[in-house]
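K.L.:
Sequence plus predicted model, see below.
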Amino acid sequence: MAAAQNFSDQGLLGEIVTKLNEFRNAVVDALNALTATEAENVAAFEERVDSLNAEFAEFQRTIAAVTVDLTAVNDKIQELTAFIAQRDADRKTF
């Protein structure tokens, strides 16, 4: 180790070790903060995805209901068109 090499200024060596430990602690704190932020962001993202999936499912239900209504209206229009054509044909024969 460096201390075993009999540095003339042991105080300087101690300062270097202290600063390196402070730097290491700062890096560890920063990583911990980033990990916590990432976990929060993941949770927020998953919550948003769940919300959007629920909205999408509701839109699909609404579209399905409107499609059923539209099909019924189109069927009714076709029936009425056929009825009107039949009435016109009947009117022409009488």
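P.N.:
Great, that's in hand.

K.L.:
Can you pull up the most central residue in the protein?
P.N.:
Nearest to the geometric centre of the chain sits V49, at 3.4 Å (CA atoms, centre = their mean).

K.L.:
and that residue, what element?
P.N.:
Applying DSSP states H and E as the criterion places V49 in helix 10-93.

K.L.:
related to what we said a few turns ago, the residue nearest to the centre of the chain and F59, how far apart?
P.N.:
15 Å (CB to CB, to the nearest Å). (Each C-beta comes from the backbone N, C-alpha and C, glycine too.)

K.L.:
what is the mean pLDDT for stretch 35-55?
P.N.:
The average of the pLDDT scores along stretch 35-55 is 98.

K.L.:
buried set for that stretch?
P.N.:
For stretch 35-55, a neighbour-count test (16 or more other CB atoms under 10 Å) marks nothing as buried.
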